[in-house]
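S.K.: using only what follows, build the 3D model:
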Amino acid sequence: MSDKKRLFGTFGVRRTANDVLTPEFASRLAACYGTLVKGTVAVGGDTRTSTLMLKQAVTAGLLSSGCDVVDLGILPTPGVQYAVRKYYDGGVMITASHNPPQYNGLKFLDEDGIGIPDEMDIKIERLYFDAEPDRVEFHEIGELYQNDKVIDEYVDEAVSKVDVEAIRKANLKVVVDCGSGAGCFTAPYLIRKLGCDVTTLNSQPDGFFPGRNPEPIEENLQELIHVVKELNADIGLAHDGDADRTICIDENGSFVLGDKTFTLVEKQMLKENNGGTIVTTVATSQAIYDVAEEYNGEVIATAVGDLLVARKLKDENGLFGGEENGGLIFPDFVYGRDAVMTVAKILEIVAKEKKPLSELVAELPVYYASKTKIECPDDEKEFVMASIAEEIQTTTDFKLDRTDGVKILKEDGWVIIRPSGTEPIFRCFSESDSQKKADEMTEWGLGLIKKYKK
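M.R.: Numbers count the residues shown, from 1 in each chain. Predicted structure coming up:
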């Protein structure tokens, strides 16, 4: 039996709703998970139109395998992760994060609130395809409970971890764009509790995402950028569909890249704690390493995936972690990307440093990045990577890192060529000390892929 995953991606199962991801599919998958957990499982969801249907199906599957279920309602993914870590034996979040509205997905959590490891994914798939989940006797079917308090507790705990007085004194004007996702139930309330003047956009929950596409990339945030400038706000904030990522717009209306946000928060966390362990992926900026060196930090790099970063933070008792896409992880709060803590921390930094966001970002180490992708059939990916690695090793003295794909480290930057876990493509990222060099490096990387693919 091969251990190649048949259903799961890097975090859970994501499919189009009600054609692949039907109630029957969701219910059976949840029963397979419940068979392994045998405890009390929390269930939450995002604002998608298919979430309610799938939540009912997941609940039924869990009850039938003998688990008790606690319905947390509609809330961000990290809200469920927070609840599971504090109170429950496992969790299921129904979300497709930043995917378009026709998608949905199931994210399964372990007792720490971290996405379940690969070996559990495979056990669930084996039960699903090759065996049967437990279906308990009538008198052992689980009970269903509600907990609608956890969302307030989750927001309040984030508030308790920052200097509210300093934020209140700074009188910040904040515009938040929740994208009609799960952040509607947390972000506006959090920002108000922190004593800021808040203006909301797309903060009515709506699974059709009428205001904008749920992915918080620059082209989808033009309205937010416009409103920040019109209102002379101090900062604009945007979330993805399940509110685990945060993107910032500075006071001039400029889009701040996720790795800048990461570096800014990292610098603050290291200063406050006199150093510590930072965990990130091999695809993140060199700036993370520069800041760690300056402020007594140590960086551990994992393969790409927020689960891997979260698990490593737990194992190494790390201080802080994250990815280049605006997903920041505060391990003393939630073992996963979390937007509530990210927003609280960024507002605290702006308030305490008494400088506008653009200036804080300008003080960070400067690197230039280039990102691109190229199609490649799944069955050719291994050969392409092995061939590139061999060529680099035999014909150059560049350093190689094979943590995830092939990362080639040159004197003036790096390029990483990594296969997507969900699509027949390679992603190629590079970073250097000028935009021209970064663009040249991705072109070089693409050239290497083209050379070896059929």
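
S.K.: could you count how many residues lie near the nearest residue to residue 62 once chain neighbours are set aside?
M.R.: Counting by Cβ to Cβ, 6 or more residues apart in numbering, residue 34 is the residue found nearest to residue 62 once chain neighbours are left out, at 4.4 Å. In this view, the C-beta of every residue, glycine as well, is placed from N, C-alpha and C. Number of residues near residue 34 (other Cβ atoms under 10 Å) recorded here: 28.

S.K.: per-residue pLDDT, residue 34?
M.R.: With respect to pLDDT, residue 34 has a value of 98.

S.K.: that one and residue 200, how far apart?
M.R.: Separation of residue 34 from residue 200 (Cβ to Cβ, to the nearest Å) stands at 37 Å.

S.K.: for residue 267, same thing?
M.R.: 29 Å.

S.K.: is the closest residue to residue 12 other than its chain neighbours part of a helix or strand, or is it coil?
M.R.: Closest residue to residue 12 apart from its sequence neighbours, by Cβ to Cβ, 6+ apart: residue 107 at 3.7 Å. The three-state label given to residue 107 by DSSP: H, G, I helix; E, B strand; the rest coil is strand.

S.K.: hang on, residue 107 packs against residue 11?
M.R.: Yes. The criterion here is Cβ atoms under 8 Å, and residue 107 meets it with residue 11 at 5.8 Å.

S.K.: which residues are in contact with each of those two?
M.R.: In terms of Cβ atoms under 8 Å, 6 or more residues apart in numbering, residue 107 and residue 11 are both contacted by the residues residue 115.

S.K.: show me the contacts for the residue nearest to residue 62.
M.R.: So residue 34 contacts 41, 61, 62, 64, 65, 66, 67, 133, 134 (Cβ under 8 Å, 6+ apart).

S.K.: repeat for residue 20
M.R.: Listed by Cβ under 8 Å, 6+ apart, residue 20 has no contact partners.

S.K.: measure the residue nearest to residue 62 to residue 53 for me?
M.R.: 19 Å.

S.K.: which helix of this structure spans the most residues?
M.R.: helix 435-452 (DSSP state H).

S.K.: can you give me the mean pLDDT across it?
M.R.: 97.

S.K.: same thing with stretch 205-218?
M.R.: pLDDT averaged over stretch 205-218 gives 96.

S.K.: list of residues touching it?
M.R.: 47-51, 74, 97-101, 177, 179-182, 184-185, 201-202, 220-221, 223, 225, 238-241, 245-247, 255, 326.

S.K.: now, of those, which are buried?
M.R.: Buried subset of those (neighbour count, 16 or more other Cβ atoms under 10 Å): 47-48, 50-51, 74, 97-99, 101, 177, 179-182, 184-185, 201-202, 220-221, 223, 225, 238-241, 245-247, 255, 326.

S.K.: one step back: who's more crowded, residue 267 and residue 200?
M.R.: Higher neighbour count among residue 267 and residue 200: residue 267, with 23 against 17, using other Cβ under 10 Å.

S.K.: let me see the contact set for the more buried one.
M.R.: 291, 295, 364.

S.K.: can you get me a residue count around the last one?
M.R.: I take that to be residue 364. 19.

S.K.: find the nearest non-adjacent residue to it, please.
M.R.: Distance criterion Cβ to Cβ, 6+ apart; nearest residue to residue 364, sequence neighbours excluded, is residue 263 at 5.0 Å.

S.K.: so which strand or helix has the one you found?
M.R.: helix 258-273 (DSSP states H and E).

S.K.: looking at this, residue 358 is in a helix?
M.R.: Yes. Residue 358: assigned to a helix according to three-state DSSP.

S.K.: that one reaches residue 253, doesn't it?
M.R.: No. Taking contacts as Cβ under 8 Å, residue 358 lies outside contact range of residue 253: 9.8 Å.

S.K.: between those two, which one's more packed in?
M.R.: residue 253 (17 against 14).

S.K.: can you give me phi and psi for the more buried one?
M.R.: phi 90, psi 10 (degrees, to the nearest 10).

S.K.: enumerate every residue touching residue 241.
M.R.: Counting by Cβ under 8 Å, 6+ apart, residue 241 touches 46-48, 95-99, 179, 181-182, 209, 214.

S.K.: next, the buried residues of the helix or strand where residue 28 lies.
M.R.: Using DSSP H and E, residue 28 maps to helix 23-37. For helix 23-37, burial by neighbour count (16+ other Cβ under 10 Å) applies to 23, 25-37.

S.K.: distance to residue 430 added to those residues, as JSON lines?
M.R.: Output for the buried residues of helix 23-37, formatted as JSON lines (distance: Cβ to Cβ, whole Å):
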{"residue": "23", "distance to residue 430": "44"}
{"residue": "25", "distance to residue 430": "39"}
{"residue": "26", "distance to residue 430": "40"}
{"residue": "27", "distance to residue 430": "44"}
{"residue": "28", "distance to residue 430": "43"}
{"residue": "29", "distance to residue 430": "38"}
{"residue": "30", "distance to residue 430": "41"}
{"residue": "31", "distance to residue 430": "45"}
{"residue": "32", "distance to residue 430": "41"}
{"residue": "33", "distance to residue 430": "39"}
{"residue": "34", "distance to residue 430": "44"}
{"residue": "35", "distance to residue 430": "45"}
{"residue": "36", "distance to residue 430": "41"}
{"residue": "37", "distance to residue 430": "42"}
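
S.K.: so who does residue 128 touch?
M.R.: By Cβ under 8 Å, 6+ apart, residue 128 lies in contact with 7, 28, 29, 32.

S.K.: separation between it and residue 396?
M.R.: 45 Å.

S.K.: what do you get for residue 52?
M.R.: In this view, residue 52 and residue 396 are 55 Å apart by Cβ to Cβ.

S.K.: kindly report the same for residue 411.
M.R.: Distance of residue 411 to residue 396, given as Cβ to Cβ: 11 Å.

S.K.: who's more crowded, those two?
M.R.: Set residue 411 next to residue 396 and count neighbours by other Cβ under 10 Å: residue 396 wins out with 11 against 7.

S.K.: all helices for the stretch 251-400 of the chain, in order.
M.R.: According to DSSP state H, counting those that start in this stretch, the stretch 251-400 of the chain carries its helices in the segments 258-273, 287-294, 306-315, 339-353, 357-362, 381-395.

S.K.: what's the angle from the helix holding residue 263 to helix 287-294?
M.R.: Here the directions of helix 258-273 and helix 287-294 differ by 20 degrees (axes from the mean of the first three to the mean of the last three Cα atoms, to 10 degrees).

S.K.: now, which of the contacts of stretch 205-218 lie within helices?
M.R.: Counting by DSSP H, the contacts of stretch 205-218 place 51, 223, 225 in helices.

S.K.: I figured residue 24 hits residue 57, correct?
M.R.: Yes. With contacts counted by Cβ under 8 Å, residue 24 reaches residue 57, the gap being 7.5 Å.

S.K.: what about the strands in the stretch 101-250 of the chain?
M.R.: 103-109, 144-146, 173-177, 197-201, 235-239, 246-249 (DSSP state E, counting those that start in this stretch).

S.K.: that'll do, ta.
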